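A.B. asks: no sequence on this one, just coordinates:
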C-alpha cells in the first residue's frame with residue numbers, strides 16, 4: 001500500500017519532517033518500505049507465496065518436514081544472530097529488550113499463548129537486527145505460519161514447565177550475546193536453541209504417538225468386552 005504524503009504523515013504522527021524521514025529511511029533499510037516513481041513510498045510486498053509449497057509438504061509428510069524445517073532454522077538463526085551482534089543499532093537493541101521483557105512477563109504468568117507469541121516476535125526482531133533483507137523477508141513470510149502452528153505447535157513447548165525455563169534462559173542468552181557484540185556466542189546460542197527445540201518436539205511427537213496407540217488399545221479392549 002502507498003504511504004501518505006510526507007507532510008500529511010508528519011502532521012498525523014505529530015513529528016517533524018526530518019524525524020519522519022529518518023524513520024522511513026530505517027524502514028527502507030530493513031526492506032519494509034520501497035521507493036515509488038515520483039518520490040513516494042509504499043509498504044514492501046511480503047513474499048507470502050513462499051509458504052504455499054511448504055503448506056503442501058506439511059500436509060503430506062509433516063514429521064519429516066518439521067525436522068528439515070528446524071534444521072534449516074538452526075542455520076538461519078545462527079547466521080541472523082551473528083549478523084545482529086555485528087550490526088544491531090540502538091533501535092534494534094531496544095526492540096530485542098522489549099521482546100525479552102514480554103517473554104519474561106508471560107513466563108511469570110505461566111501463559112503459554114502469550115509466551116509463544118512473544119517468542120516469535122523475538123526471533124523476528126533478531127532477523128530485523130541482522131539487517132539482511134533476504135533473511136528478514138523469508139522469516140516475515142513464515143511468521144504467520146509459525147503463529148498458527150503450521151510447522152509445530154509452540155504452545156506445546158510452553159505447556160511443559162521445565163521446557164519453558166530452558167527456553168527462557170536460551171532466549172536471554174541469544175539477546176545477551178547480541179548486546180555484547182559477540183557474533184560467535186550469538187551464533188552458538190541461536191543454533192543450540194533451535195536444536196533444543198527440535199529435540200523436544202521430537203520427544204513430544206513420540207509421546208503423542210505412544211499415547212494414541214495406548215488409547216486405541218483401550219478402545220479395542222472396551223469393544224471386545226462389550227461384544
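C.D. replies: Arrived safely, thanks for sending. Here the structure is a predicted model, which is why all the values come from computation and not from measurement. Numbers count the residues shown, from 1 in each chain.
A.B. asks: The nearest residue to residue 1 once chain neighbours are set aside: what's it in contact with?
C.D. replies: For residue 1, ignoring the flanking residues on the chain, the nearest one in space by Cβ to Cβ, 6 or more residues apart in numbering is residue 43 at 5.1 Å. Heads up, the C-betas are built off the backbone N, CA and C, glycines and all. Residues in contact with residue 43 (Cβ atoms under 8 Å, 6 or more residues apart in numbering) are 1, 3, 32, 33, 34.
A.B. asks: Are any of those buried, and if so which?
C.D. replies: Among the contacts of residue 43, the ones that count as buried by 16 or more other Cβ atoms under 10 Å are 32, 33.
A.B. asks: Identify, from the contacts of residue 43, the entry nearest to residue 162.
C.D. replies: Distances from residue 162 to the contacts of residue 43, taken as Cβ to Cβ, are shortest for residue 32 (37.4 Å).
A.B. asks: how about the closest one, phi and psi?
C.D. replies: Note on residue 32: its backbone torsions stand at phi -90, psi -20 [degrees, to the nearest 10].
A.B. asks: still on that earlier bit, now the residue nearest to residue 1. Its backbone dihedrals?
C.D. replies: Per-residue torsions, residue 43: phi -70, psi 130 (degrees, to the nearest 10).
A.B. asks: how far away is it from residue 176?
C.D. replies: 33 Å (Cβ to Cβ, to the nearest Å).
A.B. asks: Pairing partners for the residue nearest to residue 1 in the sheet, please.
C.D. replies: Beta-bridge partners for residue 43, by DSSP bridges, are residue 33.
A.B. asks: before we move on, back to that, closest one of the contacts of residue 43 to residue 203?
C.D. replies: Checking these against residue 203 with Cβ to Cβ, the nearest one is residue 32 at 37.2 Å.
A.B. asks: which ones are touching that closest one?
C.D. replies: Taking Cβ under 8 Å, 6+ apart, we find residue 32 in contact with 43, 44.
A.B. asks: at 6 Å instead, please
C.D. replies: By Cβ atoms under 6 Å, 6 or more residues apart in numbering, the contact set of residue 32 is residue 44.
A.B. asks: Give me the helices and strands touching the helix or strand where residue 124 lies, please.
C.D. replies: Secondary structure from DSSP states H and E places residue 124 in helix 112-130. Packed against helix 112-130, as judged by 3 or more Cβ pairs under 6 Å, 6 or more residues apart in numbering; DSSP states H and E, are the following elements: helix 51-87, helix 90-109, helix 133-147, helix 154-158.
A.B. asks: 7 Å instead?
C.D. replies: Secondary-structure packing of helix 112-130 (3 or more Cβ pairs under 7 Å, 6 or more residues apart in numbering; DSSP states H and E): helix 51-87, helix 90-109, helix 133-147, helix 154-158, helix 161-179.
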